[in-house]
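>>> no sequence on this one, just coordinates:
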């Protein structure tokens, strides 16, 4: 892949962070912040780059909006880890976002075909 | 834990300004993140020092993360906003119904406010607490101010040789009352400032206007019913103005609890405090001229920003310290 094609406007990611988090939480059933960050990095093959600390406020906002719910669990080493799972409202919003995203991506692909230079 | 990570988490904690319980939870979540990240990086063959640098740099600037966390956690619910504005509305009702002139009813209202403030304080300082605490200290301030007569008489006797000095027991009781008032005010302000100076300003919000009002009332006559009957008309006008002002403070407090951005909170408080104080001074003391009005506004600005300096001086709230493994 050409180097230039790996660049993206950070606003594009910022606008879609919630969708990425909701999708992964929904898929995992119950997961935690660090696991989500790793999963986004692995699945995008390192394409999405963001400051990891920004995920935690984003999770809290989703929780405030009633889209996910958090639960503290004690780890064997005595520490606590906050696990997140979807709420029904979160699932509904994710369904809407996925449908919208698929329509949008299909339309974009139809209009913007790779140029032959 | 690596000292660099501990320092980083300390810096985040310093700028969180959340209640101690929430701060502990936030720091605990971030701490677990760093532990796992360091283990992963070391498993990939990275030396510990390099892994620590990488973990910290990929997490982001501590202040920015703390600000985002604050905005994510600080917005109170509508219920909290409603509870937060109640003391202002109670005092507004006391003015609107002129009930403040009856010692028993006034005492009951402020005792209820003080009890609720105490219960909130003991239950972990929720978002709605600070307006209640502000009014809870008002009776002490009023009592201290109104008990100054023995001291004034004694000073007048000592300096001008006029009248008779107050008995020693009265002066001793007055000194004890002043000491208790100063101690309660100072210890409350310092404890709250450890968390966030804006909350001290929220506590102080009604005090300038109540202060201007109480000075005017006591100078015009006395505080309670009998002494005030001849000033009925004049005080009725002030009562309405004070009731409206308290409602404005109630709305400001509700917005304060709901707003997430610290800068907006601070601006809203200081603006309402200064404008409210200046309007109260003008309506109670009459037209003062531009120069005096500017001087009063500057004094009010100083009054509401003193907590900022207090916050810089005091240590962190030990209740938010998370015992992190070394």
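Here it is on my side, so go on. As the structure is a computational prediction, the values presented were derived from the model and not from experiment. Numbering: from 1, shown residues only, chains lettered A, B, ... in the order given.
>>> got any ranges where chain B has weak pLDDT?
B:1, B:220-237, B:315-326 (pLDDT under 70).
>>> how is it divided into domains?
Using automatic domain parsing, the domains assigned to chain B come out as B:3-72, B:75-316.
>>> and the shortest one, how far out from the chain middle?
In terms of Cα atoms, centre = their mean, to the nearest Å, the centre of domain B:3-72 is set 30 Å apart from its chain centre.
>>> so which residue of chain B comes closest to chain A?
Nearest residue of chain B to chain A: residue B:60, at 3.2 Å (Cβ to the nearest Cβ). C-beta coordinates here come from the backbone N, C-alpha and C atoms, glycine included.
>>> give me phi/psi at the closest residue to that residue other than its chain neighbours?
Excluding its sequence neighbours, the residue lying closest to residue B:60 (Cβ to Cβ, 6 or more residues apart in numbering or on different chains) is residue A:51, at 3.2 Å. Note on residue A:51: backbone dihedrals following degrees, to the nearest 10 are phi -70, psi 120.
>>> give the contact list for residue A:51.
The contact partners of residue A:51, by Cβ atoms under 8 Å, 6 or more residues apart in numbering or on different chains, come to B:58-61, B:64-65.
>>> among the residues you listed, which ones are buried?
B:58-60, B:65 (16 or more other Cβ atoms under 10 Å in any protein chain shown).
>>> got the residues of the stretch 51-200 of chain B near chain A?
B:58-61, B:64-65, B:68-69, B:71-73, B:75 (Cβ under 8 Å from any Cβ of the partner chain).
>>> which of the residues you listed sit farthest apart?
Using Cβ to Cβ, these span at most 27.6 Å, a distance reached by B:58 and B:75.
>>> how distant is stretch B:175-182 from the center of its chain?
Distance of stretch B:175-182 from the chain centroid (Cα atoms, centre = their mean) equals 20 Å.
>>> okay, which residue is most central for chain B?
By Cα atoms, centre = their mean, the mean C-alpha position of chain B lies nearest to residue B:203, the distance being 2.2 Å.
>>> surely that one touches residue B:189?
Yes - look at residue B:203 against residue B:189 with Cβ atoms under 8 Å: they come within range, at 7.5 Å.
>>> what is in contact with the two at once?
With Cβ under 8 Å, 6+ apart, residue B:203 and residue B:189 have no common neighbours.
>>> by proximity to chain B, which residue of chain A wins?
residue A:51 (3.2 Å).
>>> related to what we said a few turns ago, so what's the residue of chain B closest to chain A up against?
Neighbour list for residue B:60: A:51-54 [criterion: Cβ under 8 Å, 6+ apart].
>>> hmm, residue A:33 is touching residue B:34, no?
No - Residue A:33 is beyond contact range of residue B:34, at 11.1 Å (criterion: Cβ under 8 Å).
>>> so where do the helices sit in chain A?
Assigned helices in chain A, in chain order: A:10-14, A:17-28, A:33-43, A:55-64, A:88-111 (criterion: DSSP state H).
>>> residue B:29 - nearest residue in space that isn't next to it in sequence?
residue A:82 (5.2 Å).
>>> run through the bridge partners of the one you found.
residue A:72 (DSSP bridges).
>>> centroid-nearest residue for chain A?
The centroid of chain A falls nearest to residue A:20 when counting by Cα atoms, centre = their mean (1.8 Å).
>>> on that earlier part again, show the model's pLDDT score for the residue nearest to residue B:29.
At residue A:82, the pLDDT value in this model is 93.
>>> what sits against it?
By Cβ under 8 Å, 6+ apart, residue A:82 lies in contact with A:32-33, A:70-73, B:25, B:29.
>>> could you measure it against residue A:41, distance?
20 Å (Cβ to Cβ, to the nearest Å).
>>> residue B:84 now?
41 Å.
>>> residue B:23 now?
As defined by Cβ to Cβ, residue B:23 lies at a distance of 28 Å from residue A:41.
>>> go ahead and confirm residue A:39 touches residue A:24.
Yes - shown here, residue A:39 and residue A:24 form a contact pair, counting by Cβ under 8 Å, at 5.5 Å.
>>> joint contacts of the two?
Residues touching both residue A:39 and residue A:24 (Cβ under 8 Å, 6+ apart) are residue A:31.
>>> phi, psi for residue B:266 please.
Note on residue B:266: backbone dihedrals following degrees, to the nearest 10 are phi -60, psi -50.
>>> low-confidence ranges, chain A, go.
A:1-10, A:12-14, A:115-117.
>>> and it, which residues reach chain B?
Residues of chain A lying near chain B by Cβ under 8 Å from any Cβ: A:32-34, A:37-38, A:51-54, A:56-58, A:60-61, A:64, A:72, A:75, A:79-82.
>>> so among these, which ones count as buried?
A:32-34, A:37, A:52-54, A:56-58, A:60-61, A:79, A:81-82.
>>> now the contacts of residue A:82 in CSV, with distance to residue B:129?
Output for the contacts of residue A:82, formatted as CSV (distance: Cβ to Cβ, whole Å):
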residue, distance to residue B:129
A:32, 31
A:33, 29
A:70, 24
A:71, 26
A:72, 24
A:73, 30
B:25, 19
B:29, 24
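>>> residue contacts, residue B:109?
Residue B:109 is in contact with B:90-91, B:94, B:99, counting by Cβ under 8 Å, 6+ apart.
>>> could you dump those residues to JSON lines with neighbour count and secondary structure?
Formatted as JSON lines, these follow (neighbours: other Cβ atoms under 10 Å in any protein chain shown; DSSP: H, G, I helix; E, B strand; the rest coil):
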{"residue": "B:90", "neighbour count": "18", "secondary structure": "helix"}
{"residue": "B:91", "neighbour count": "26", "secondary structure": "helix"}
{"residue": "B:94", "neighbour count": "21", "secondary structure": "helix"}
{"residue": "B:99", "neighbour count": "15", "secondary structure": "helix"}
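>>> which of the residues you listed sits closest to residue B:239?
Once Cβ to Cβ is applied, the member of the contacts of residue B:109 that ends up nearest residue B:239 is residue B:94, at 8.9 Å.
>>> for residue B:110, see how far away that closest one is.
For residue B:94, the distance to residue B:110 - Cβ to Cβ - is 9 Å.
>>> now list whatever residues contact both of those two.
In contact with both residue B:94 and residue B:110: no residue, using Cβ under 8 Å, 6+ apart.
>>> quick one on the thing from earlier: tell me the SS of the residue nearest to the centre of chain B?
Secondary structure assignment for residue B:203 (DSSP: H, G, I helix; E, B strand; the rest coil): helix.
>>> for it, which non-adjacent residue is closest in space?
Among residues not flanking residue B:203 along the chain, residue B:134 sits closest, at 3.9 Å (Cβ to Cβ, 6+ apart).
>>> residue contacts, the one you found?
The contact partners of residue B:134, by Cβ under 8 Å, 6+ apart, come to B:87, B:202-207.
>>> filter those to the buried ones?
Among the contacts of residue B:134, those buried by neighbour count (16+ other Cβ under 10 Å) are B:87, B:202-207.
>>> what number of residues lie near the closest residue to residue A:97 other than its chain neighbours?
Excluding the flanking residues, the one nearest residue A:97 by Cβ to Cβ, 6+ apart is residue A:19, at 4.8 Å. Residue A:19 sits with 15 neighbouring residues when counted by other Cβ atoms under 10 Å in any protein chain shown.
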